[in-house]
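1. 3D, please:
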Amino acid sequence: MLPGSSTSLTALFSRLWKSFKTTGMCSRRHEGGRVRSTTPAEDRYIVLSGKRNRRTTAQQVAKKFLAASGKQISRKTVARRLRGGGLFARRPVVCVPLTRQHSTARLQWCREHHNWTEQDWTCVLFSDESRFSLSSDCRRQLIWHESGTAYRPENIQEKDRYPTCSIMVWAGIMINGRTRLHVVANATMTGQRYIDEVLLPHVRLFRGAVGDKFVFMDDNATCHRTLAVQDCLDSEGIQRLVWPARSPDLNPIENVWDALGRQVAGRNYPPTNKNTLIRAVTEEWDKLPQQLLDNVVQSMVRRVEYCITLHGGHIPY
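-> From the prediction side, this is the model:
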């Protein structure tokens, strides 16, 4: 206890007791604190600035505030006011660009498959190619957005090109199963290679195991839509699921790619060249729990409902 603190407490209690005996109530007077550097109206201006330009920094907002009001405030003050207004600095969600035609086609497709149950989706083999790179996009640029609004249009960064120096892989998932991970040599897939390296050695096996109810899903990449590929599917009796363009967020395997990338990045000895990258991706693919794959496939019912609710827009996945 500090010197004199006992005396101070005694005087405080004595004053409170006298106040209680006189008025029947007592309260401690609040000490005067530091005066706020901004008024409520100025706080609203700061929050509005953050909402109008979500990619602006706190320092830029402070400079804009100085030019408008002639009052200088710090970057930390701006950040506190933005947090007080419900805005937080977060990385933007990266999605492929969608035109109005894309959204309309996505909405129509989801309405056509809205009555599909989880049992219907269990017969679908979801497939896709993906790239894995030694260097990733760190996405240092942050934006201001409210909690739970990551997939609003103003908070999305649309992008469809990614770093080079990578490997391309193909795989398919379904309930209670997955294909082997296939590494595409030279990272270039053609229609004939798609037949020789994917359809015949992988997809045909699942068609034989599942039977007539088997449905194969692939996207609208050029190599997937050649006449030779369609002839191959017809000759093997493989039913293809029509897929809307620009819809990776509807494909549950995208969640698996994300999980696989995290596993590769979290290895004790991260890959340092192309060969070690191939080995790491292949090993981590085999280690992924089947329950993860089952869960993302079972989410198709919710994905379709989300897309309808958002009128064909980007959905959280």
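2. the bottom helix or strand of this structure by mean pLDDT?
-> When the helices and strands of the chain are scored by mean pLDDT, DSSP states H and E, strand 156-158 comes last with a mean of 62.
3. contacting residues around the following helix or strand past that strand?
-> Downstream of strand 156-158, the next assigned helix or strand under DSSP states H and E is strand 166-174. Contact with strand 166-174 is made by 122-134, 178-184, 187-189, 197-198, 202-203, 206, 252-253, 256, 274, 277-278, 281, 285, 293, 296-297, as judged by CB atoms under 8 Å, 6 or more residues apart in numbering. Heads up, the C-betas are built off the backbone N, CA and C, glycines and all.
4. stretch 272-279 now?
-> 132, 134, 167, 183, 264, 271.
5. format those as JSON lines; extra columns: distance to residue 112 and secondary structure.
-> Listed next are the contacts of stretch 272-279 as JSON lines, based on distance: CB to CB, whole Å; DSSP: H, G, I helix; E, B strand; the rest coil:
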{"residue": "132", "distance to residue 112": "33", "secondary structure": "strand"}
{"residue": "134", "distance to residue 112": "41", "secondary structure": "coil"}
{"residue": "167", "distance to residue 112": "35", "secondary structure": "strand"}
{"residue": "183", "distance to residue 112": "35", "secondary structure": "strand"}
{"residue": "264", "distance to residue 112": "36", "secondary structure": "helix"}
{"residue": "271", "distance to residue 112": "42", "secondary structure": "coil"}
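6. I'd like these as TSV, with neighbour count, distance to residue 104 and pLDDT appended.
-> Shown next, in TSV, are these (neighbours: other CB atoms under 10 Å; distance: CB to CB, whole Å; pLDDT from 0 to 100):
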residue	neighbour count	distance to residue 104	pLDDT
132	21	33	92
134	15	39	82
167	20	35	91
183	16	36	95
264	18	37	91
271	19	42	89
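7. just the closest of those to residue 153, please.
-> residue 132 (28.8 Å; CB to CB).
8. spit out the contact partners of that closest one.
-> 166-167, 169, 260-261, 264, 277, 281.
9. now these as TSV including distance to residue 55?
-> Output for the contacts of residue 132, formatted as TSV (distance: CB to CB, whole Å):
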residue	distance to residue 55
166	27
167	32
169	33
260	30
261	25
264	30
277	32
281	33
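10. greatest separation within these: which pair is it?
-> Maximum distance among the contacts of residue 132 (CB to CB): 13.5 Å, for 166 and 260.
11. compare the two (neighbour count), which wins?
-> residue 260 (23 against 17; other CB atoms under 10 Å).
12. can you lay out the contacts of stretch 272-279 as TSV showing distance to residue 60?
-> Output for those, formatted as TSV (distance: CB to CB, whole Å):
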residue	distance to residue 60
132	35
134	34
167	39
183	45
264	36
271	38
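13. tell me the two of these that are most distant?
-> Largest separation among the contacts of stretch 272-279 by CB to CB: 134 and 183, giving 14.8 Å.
14. mind listing the strands for the stretch 1-150 of the chain?
-> 88-90, 93-95, 124-133, 143-145 (DSSP state E, counting those that start in this stretch).
15. tell me the most buried of those strands?
-> strand 143-145 (a mean of 23; mean count of other CB atoms under 10 Å).
16. reformat the strands of the stretch 1-150 of the chain as a markdown table; add distance to residue 17.
-> Listed next are those as a markdown table, based on distance: least, CB to CB, whole Å:
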| stretch | distance to residue 17 |
| --- | --- |
| strand 88-90 | 47 |
| strand 93-95 | 60 |
| strand 124-133 | 72 |
| strand 143-145 | 51 |
